[in-house]
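J.: Structure for the following, please:
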Amino acid sequence: MDWSLELMQSLIWLGEAFVASVFGLACASVVLGRYTSWGRQIRRLTVDFFKPSHSIVPLISLALIVFMTLLVVRLNVLMSFWFNGFYSAMQHVDAKAFWLMVLVFASLAAIIVVHALLNSYLQQAFQIRWRVWLTNSLVERWLANQSYYRSLFLEESADNPDQRIQQDVEGFVNTSLSLSMGLLGAVVSLFAFSIILWNLSGSLVLLGVEIPRAMIYIVYVYVIVATVFALKIGRPLIRLRFLNEQFNANFRYALIRLREYGESIAFYRGEAVERENLLMRFGSVIRNVWAIVFRTLKFQGFNLVIGQTAIVFPFIVQAPRLLSNEITLGDVMQTTQAFGQVEGALSFFRNSYDIFAGYRAVVNRLSGFLDSMDSAEQLPSIRIHEGIDELVVEHLSVRTPANVLIVEDLNFILGKAESLLVRGPSGIGKTTLLRALAGLWPFADGELIRPIGQQSLFLPQRTYLPLGSLRSALFYPSVATANGNIASVLRQCQLRHLVDRLDEDNNWSRILSLGEQQRLGIARVLLNRPHVVFLDEASSAMDEKLERAMYLLLRESLPEVILVSVGQRSSLLEFHRQELQLLSEGMWQLQAVVRP
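T.: Below you'll find the model as predicted:
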């Protein structure tokens, strides 16, 4: 090799290899995305990220990473020739050639160091951008059209969406890049070092038959046969990796529930039941882990045997030619390195099968999550039209998931300052009717006209308090502001002891009692000032005196608001003009409240 010309030749090689690689990657993506199920899954998760209409940065970053991958291959090729020249110089005791090789090594080593650092940065920056985009995309879809809630009504809903958004996205992004660039490097290395190995290979007599260029044929047959056996041994790992993610997620979810409902469990003294449940889930994790261990031992053991045999094999084949002075020691060392590169390239899929098994599990989980959100978005819901100052319900029918009628052909109109109390036996479906009015219940049909967005506010029995400051909890779902009224509102809701803690970050749902949380919900209504308020047993934890004070406060502070309440207490009739009684088999009765 003429090292003085190698810079220009390497640049030409890199340019040609880059064009061929980009074309090959594009073709492979199209073919796999069209004709394989897992290719379609990956395309579904990635195609929007790489669209130029989204941003040109991902494509430029990927092109740079492809170039850096090809540069690794070229550096490995140059190092193989360096090994040849270095060991040949030592064999011939050529001082001038020796010191030239030292100088060449210094230059190659400097390039390798700079390349390693730059490539590491490019890959990590690309992974971060991709992860941010994919996480934002999944979170947006999960929250859009209330898929996070509506997916609960699916027969087969995706389990543990928190894990899929956090852990699986990270695994998908990192493994997608490492596998794709690893495969590209393996293919290019295969071509580059096969040429070198072809030029260095000699004839081999086997069972009386002379095989020309034997080394190249041997390495291909050797690795292909080994790969077939390895795939057969490693195939069960795909299913085991999927189950590993699922069982671990189920165990983690049970631990989270234990913490979330700790007080209730402690009151019931339910530690024994919880321990049994946790150990049962953990047992599934461990059994699957043992299955992975035994299968991995078989797979890795086979790979280790194949890999160790490949180290000494080229020396054995080339030794007769070296001993007969047909080739130099440098040729033998370059042959060994080229053999190792070709063997490694051909063995890429075999060596990466364990990683690929985990990757398939991650792809399946993310695809299942997308499928679940698609199904949730396709669930039916009542037609809601925007109104400003009235609530109109037309021909509303609501059913249970088992198709049992809760209410049939319900019609009513509420204008400004009007109010409705929904009553009925426990379990008749009062809360479900409210869910239908919110557009959440999929087993309903009819039409609804009401204020939408933040002009409608729903207060459940247990007020939701987001993580963060008390101020943000009060203004939820609006953005917290420095409202001068906030202290006065807290005092009106008999929460004056919280005035000095407005900007304290805490888990308020654990600190405040249920009654305090319900009064906080009333304060939220006063601060957000919606046009219509739906209260689902939103004062059940208050005594009647406090409940009366809160309803009077609502009427005095928001005289034109439309109130729809669900409750059992007859004392609530005082604050409502109409009463809707839910009867059995979908029947209902709407009547004006008669006050004494």
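
J.: what are the phi and psi angles of L414?
T.: phi -120, psi 130 (degrees, to the nearest 10).

J.: for it, which residues make a bridge with it?
T.: Here L414 sits in beta bridges with L391, going by DSSP bridges.

J.: Buried residues in whichever strand or helix holds G15, which are they?
T.: Here G15, judged by DSSP states H and E, is contained in helix 6-35. The neighbour-count check on helix 6-35 (16 or more other CB atoms under 10 Å) flags 6, 13-14, 17-18, 21, 25, 29, 33 as buried. Where you see a C-beta, it was placed from the backbone N, CA and C, and this is true even at glycine.

J.: and if you look at stretch 227-241?
T.: So for stretch 227-241, counting by 16+ other CB under 10 Å, buried means 227, 230, 233-234, 236-241.

J.: re the thing from before, pull the distance from the helix holding G15 to the chain's centre.
T.: Put simply, helix 6-35 sits 30 Å off its chain's centre (CA atoms, centre = their mean, to the nearest Å).

J.: same for that helix, what does it pack against?
T.: helix 37-46, helix 57-91, helix 169-200 (3 or more CB pairs under 8 Å, 6 or more residues apart in numbering; DSSP states H and E).

J.: Next, the angle from the second one to helix 169-200.
T.: Orientation check (axes from the mean of the first three to the mean of the last three CA atoms, to 10 degrees): helix 57-91 against helix 169-200 gives 40 degrees.

J.: which helices and strands sit right next to whichever helix or strand comes after helix 57-91?
T.: Going down the chain from helix 57-91, the next helix or strand is helix 95-143, by DSSP H and E. With contacts defined as 3+ CB pairs under 8 Å, 6+ apart, helix 95-143 has these neighbours: helix 57-91, helix 169-200, helix 353-378.

J.: check contacts around G424.
T.: 430, 581-583 (CB atoms under 8 Å, 6 or more residues apart in numbering).

J.: Then F575?
T.: 419, 421, 548, 551-552, 555, 563, 565.

J.: Torsion angles phi and psi at it?
T.: phi -100, psi 10.

J.: Can you tell me how far it is from W588?
T.: Going from F575 to W588 by CB to CB, to the nearest Å gives 21 Å.

J.: tell me the angle the helix or strand hosting Y217 makes with helix 353-378.
T.: Y217 belongs to helix 214-234 when assigned by DSSP H and E. Computed by the same axes, to 10 degrees, the angle separating helix 214-234 from helix 353-378 equals 50 degrees.

J.: what's next to helix 214-234, contact-wise?
T.: Against helix 214-234 from outside (CB under 8 Å, 6+ apart): 194, 197-198, 200-204, 206, 211, 295, 298-299, 302-303, 306, 310, 313-314, 317-318, 335, 339, 342-343, 346-347, 349-350, 353-354, 357.

J.: Stretch 382-390 now?
T.: 396, 413-416, 436, 439, 444-452, 455, 531, 560, 562.

J.: do stretch 305-320 as well
T.: 200, 202, 204, 214-215, 218, 222-223, 226, 230, 327, 331-332, 335-336, 339-340, 343, 347, 350.

J.: Same check on stretch 262-278?
T.: Counting by CB under 8 Å, 6+ apart, 251, 254-255, 258 sit against stretch 262-278.

J.: mind checking how far it is from the chain centre?
T.: 31 Å.

J.: Let's see the distance spanning that stretch from one end to the other.
T.: 14 Å (CA to CA, to the nearest Å).

J.: Of the contacts of stretch 262-278, grab the buried ones for PyMOL.
T.: Selecting only the buried entries of those in PyMOL, with 16+ other CB under 10 Å as the criterion:
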select buried, resi 251+258
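
J.: Tabulate the contacts of stretch 262-278 (TSV), appending distance to D536, secondary structure and pLDDT.
T.: Shown next, in TSV, are the contacts of stretch 262-278 (distance: CB to CB, whole Å; DSSP: H, G, I helix; E, B strand; the rest coil; pLDDT from 0 to 100):
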residue	distance to D536	secondary structure	pLDDT
F251	33	helix	89
A254	28	helix	88
L255	30	helix	88
L258	27	helix	86
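
J.: follow-up on the earlier one: tabulate the helices and strands packed on helix 95-143 (TSV), appending mean pLDDT, mean neighbour count and distance to V273.
T.: Putting those into TSV (pLDDT from 0 to 100; neighbours: other CB atoms under 10 Å; distance: least, CB to CB, whole Å) gives the following:
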stretch	mean pLDDT	mean neighbour count	distance to V273
helix 57-91	90	19	50
helix 169-200	88	19	34
helix 353-378	86	20	29
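
J.: Ok, which of the ones you listed comes nearest L520?
T.: Judged by CB to CB, the one of these that comes nearest to L520 is helix 353-378, at 30.0 Å.

J.: Direction-wise, compare the closest one with helix 95-143 and give the angle.
T.: 20 degrees.

J.: just how off-centre is helix 353-378 within its chain?
T.: For helix 353-378 - counting by CA atoms, centre = their mean - the centre lies 9 Å from the chain centre.

J.: before we move on, what about stretch 495-514?
T.: 33 Å.

J.: if we can go back for a sec, export the helices and strands packed on helix 6-35 to JSON lines and append columns for distance to W508.
T.: Shown next, in JSON lines, are the helices and strands packed on helix 6-35 (distance: least, CB to CB, whole Å):
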{"stretch": "helix 37-46", "distance to W508": "37"}
{"stretch": "helix 57-91", "distance to W508": "40"}
{"stretch": "helix 169-200", "distance to W508": "29"}
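
J.: To V362, which of those helices lies closest?
T.: helix 169-200 (4.7 Å).

J.: Just name whatever secondary elements that closest one is in contact with.
T.: Secondary elements touching helix 169-200 (3+ CB pairs under 8 Å, 6+ apart): helix 6-35, helix 37-46, helix 57-91, helix 95-143, helix 214-234, helix 329-346, helix 348-351, helix 353-378.

J.: The helix holding Y217 versus helix 329-346: what angle between them?
T.: 30 degrees.

J.: I'd like to check the angle between the helix holding G15 and helix 57-91, please.
T.: 130 degrees.

J.: distance of A444 from V404?
T.: For A444 relative to V404 (CB to CB), the value is 13 Å.

J.: So between these two, which is more surrounded?
T.: A444 (23 against 12; other CB atoms under 10 Å).

J.: Quickly note the distance from the more buried one to L502.
T.: 39 Å.

J.: Please apply the same query to V393.
T.: Taking CB to CB, one finds V393 at 38 Å from L502.

J.: pLDDT (mean, whole number) over stretch 212-223?
T.: Here stretch 212-223 scores 75 as its mean pLDDT.

J.: Going forward, the N-terminal residue is numbered 84.
T.: Sure, I'll start numbering at 84, so the last one becomes stretch 295-306.
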